[in-house]
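Participant: Sequence first, then the predicted structure, then my questions.
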Amino acid sequence: MKTIHLIGAPTDIGASVRGAGLGPDALRVAGLPQALRDRQLQVIDSGNLAGPPNPWEPPRDGFRHLPEVIAWNRSIYTAVHDALTAGQLPVLLGGDHCLAIGSISAVARHCKAAGKQLRVLWFDAHADTNTAHITPSGNIHGMPVACLLGHGPEALTHLGGEVALQARELCQIGVRSVDAGERAFVKELGFEVFDMRYIDEFGMRAVMELALAGTDSNTHLHVSFDMDCMDPEIAPGVGTAVRGGPSYRETQLCMEMIADTGLLGSLDLVELNPALDVRNQTAELAVDLIESLFGKSTLMRRAPADGP
Ligand SMILES: NC(=[NH2+])NCCC[C@H](N)C(=O)O
Ligand SMILES: [Mn+2]
Ligand SMILES: [Mn+2]
């Protein structure tokens with residue numbers, strides 16, 4: 001297994017409430033580096049990136065804090081790209097979800113250069129597909145998917161020199177809150193969305209089989225995990241909680257099925273908000289999930305074909 005490089009991005013620049021900037025340290029306090037080392041993995045923690053403070057201003061031309069969001073994403077792009085070039089597996093510790101623009105742009109650039117097929121699994125209660133024209137809030141953590149697919153300000157859509165993603169490379173899991181204008185845009189863009197209704201009807205195992213279909217040894221899997229994907233009863237430490245999310249076991253199954261592929265190449269862990277958490281339980285939950293994502297299992301790993 002590659003060396004895991006933890007990159008902290010302590011900012012809530014794109015969020016609707018303050019506090020996600022405390023996320024990277026809450027994950028460290030919950031024991032993330034040691035938990036990975038206990039799994040015999042090599043871990044580098046290069047600490048937290050620096051970036052502009054949050055000016056906490058109202059939207060301008062449909063965006064809140066656009067210059068600051070660009071600055072943060074540029075430094076994330078560089079850090080994640082450097083880690084991938086060094087052969088490491090970057091783990092972005094957010095921070096709010098606007099940071100996925102920099103992280104996934106770097107991953108996409110790396111995959112193109114290496115001739116790898118990219119698959120992005122986006123775990124979220126939200127579709128994060130707003131633009132300046134349809135956003136109800138101006139918060140850029142509600143826009144990263146649109147930016148990554150080429151819809152947004154040039155400085156964010158072309159961080160890596162070209163548009164990062166095509167719709168077929170992306171699939172969302174756990175979605176249950178989509179804004180009015182956003183709904184039509186998600187349909188127009190045409191990426192796959194396994195919303196909660198779909199998960200309820202077909203079950204998480206079927207969803208993950210579809211989400212991973214078509215991957216092979218040449219696939220780089222990127223997981224962008226928004227902690228508000230999970231049900232707020234178990235993950236209260238998030239700024240934009242939406243009830244009715246996946247359970248602990250359903251989410252663990254996702255992580256275990258991804259681990260079984262052996263294809264994980266990079267990870268964003270975002271939207272953890274320690275200011276709203278209860279005794280760091282949401283950070284501890286995140287550590288549990290990441291351990292499973294890196295192969296921790298109850299008894300043994302099971303290849304899908306060995307199942308009942
Ligand atoms: N990454 C997130 N938590 N995004 C929440 C977005 C909420 C809402 N859709 C908005 O655009 O304002
Ligand atoms: Mn969300
Ligand atoms: Mn999100």
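Facilitator: Thanks, I have the structure now. All of these numbers come straight from a predicted model, not from anything done at the bench. Ligands and ions are numbered 1, 2, ... in the order given.
Participant: which residues in this protein form helices?
Facilitator: Assigned by DSSP state H, the helices in the chain fall at 23-29, 32-37, 66-85, 100-114, 144-148, 154-157, 180-189, 196-202, 204-212, 248-261, 281-293.
Participant: Show me which residues of the protein are close to ligand 3?
Facilitator: H97, D124, D128, D226 (C-beta under 5 Å from the ion). Where C-beta positions appear, they are placed from N, C-alpha and C, glycine not excepted.
Participant: quick revisit: nearest to A167, out of the helices of the chain?
Facilitator: Taking C-beta to C-beta, helix 180-189 is the member of these nearest to A167, at 5.3 Å.
Participant: mind listing what's buried in the closest one?
Facilitator: The neighbour-count check on helix 180-189 (16 or more other C-beta atoms under 10 Å) flags E182, F185, V186, L189 as buried.
Participant: residue contacts, the last one?
Facilitator: Taking C-beta atoms under 8 Å, 6 or more residues apart in numbering as the definition of contact, the neighbours of L189 are T129, A146, L149, H151, A167.
Participant: Highest neighbour count among the residues you listed?
Facilitator: Counting neighbours by other C-beta atoms under 10 Å, T129 leads those with 30 neighbours.
Participant: residues touching the closest residue in space to it that isn't next to it in sequence, list them.
Facilitator: Nearest residue to T129, sequence neighbours excluded (C-beta to C-beta, 6 or more residues apart in numbering): V145, at 4.4 Å. Contacts for V145 (C-beta under 8 Å, 6+ apart) come out as W122, A127, D128, T129, L170, Q172, F191.
Participant: now, among these, which is nearest to N218?
Facilitator: L170 (17.8 Å).
Participant: Can you get me a residue count around the closest one?
Facilitator: 24.
Participant: ok, now how distant is it from D128?
Facilitator: 11 Å (C-beta to C-beta, to the nearest Å).
Participant: cool, G14 as well?
Facilitator: From G14 to D128 the distance is 10 Å (C-beta to C-beta).
Participant: who's more crowded, the two?
Facilitator: A count of neighbours by other C-beta under 10 Å puts G14 above the other of G14 and D128, at 33 against 28.
Participant: Got phi/psi on the more buried one?
Facilitator: Phi and psi for G14, reported as degrees, to the nearest 10, are phi -100, psi 0.
Participant: ok, it to A71 distance?
Facilitator: Separation of G14 from A71 (C-beta to C-beta): 12 Å.
Participant: now V278
Facilitator: Distance from V278 to A71, by C-beta to C-beta: 32 Å.
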